[in-house]
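> Show me how the following folds:
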Amino acid sequence: MSASFSRLVNRFGLSQAGVDLRYSIANAVERAVKTQFRLASATVFGSLPANLGIVTSDLDMVLSGVPDSRKAMHQVANKLETAGFSDVRVIAHARVPIVKCRVGSGPLRGVGV
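Numbering: from 1, shown residues only. Alright, predicted model coming up:
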């Protein structure tokens, strides 16, 4: 990492509390999905585990233990809505189908997941 980029990350990067809050959101997603798919697990990837996250960063996760089907994607979306996530959307026709949502309440309200 270049020195100037490192300075930017140090200046605008997440505090440990911000990192911990985002991982707690990942745990909440996993708990919600496990109510439908008991073997489900959520793994965080992207800027957060690379220590490059900033306050406006979204939270990237991959779910395993969930069937690879549109029906399952809609079931995941339903569980996220029930758990209090907002703006839940299934994008099933993308090259890599995804479920997008936002944190519905708390200090991370509005952060994309």
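
> who's in contact with the one helix or strand residue 19 maps to?
Assessed by DSSP states H and E, residue 19 sits inside helix 16-34. The set of residues external to helix 16-34 that reach it, using Cβ atoms under 8 Å, 6 or more residues apart in numbering, is 14, 40-42, 44, 48, 53, 55, 59, 61, 63, 66, 76, 79-80, 82-83, 85, 103, 106-108, 111, 113. Placement of C-beta: from N, CA and C, glycine included.

> downstream neighbour of that helix in the secondary structure list?
Next helix or strand after helix 16-34 toward the C-terminus (DSSP H and E): strand 41-45.

> Restricting to C-alpha, output that following strand in PDB.
Provided in PDB are the C-alpha atoms of strand 41-45 (Å, rounded to 0.1, in the frame of the first residue of the first chain):
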ATOM      1  CA  SER A  41     -23.200 -19.000   7.300                       C
ATOM      2  CA  ALA A  42     -22.200 -15.400   6.400                       C
ATOM      3  CA  THR A  43     -18.600 -14.600   5.400                       C
ATOM      4  CA  VAL A  44     -17.600 -11.000   5.200                       C
ATOM      5  CA  PHE A  45     -15.300 -10.000   2.300                       C
END
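
> Wait, residue 66 touches residue 41, no?
No: with contact defined as Cβ atoms under 8 Å, residue 66 does not count as touching residue 41 (9.2 Å).

> who's more crowded, the two?
residue 66 (20 against 15; other Cβ atoms under 10 Å).

> tell me the SS of the more buried one?
Classification of residue 66 using DSSP: H, G, I helix; E, B strand; the rest coil returns coil.
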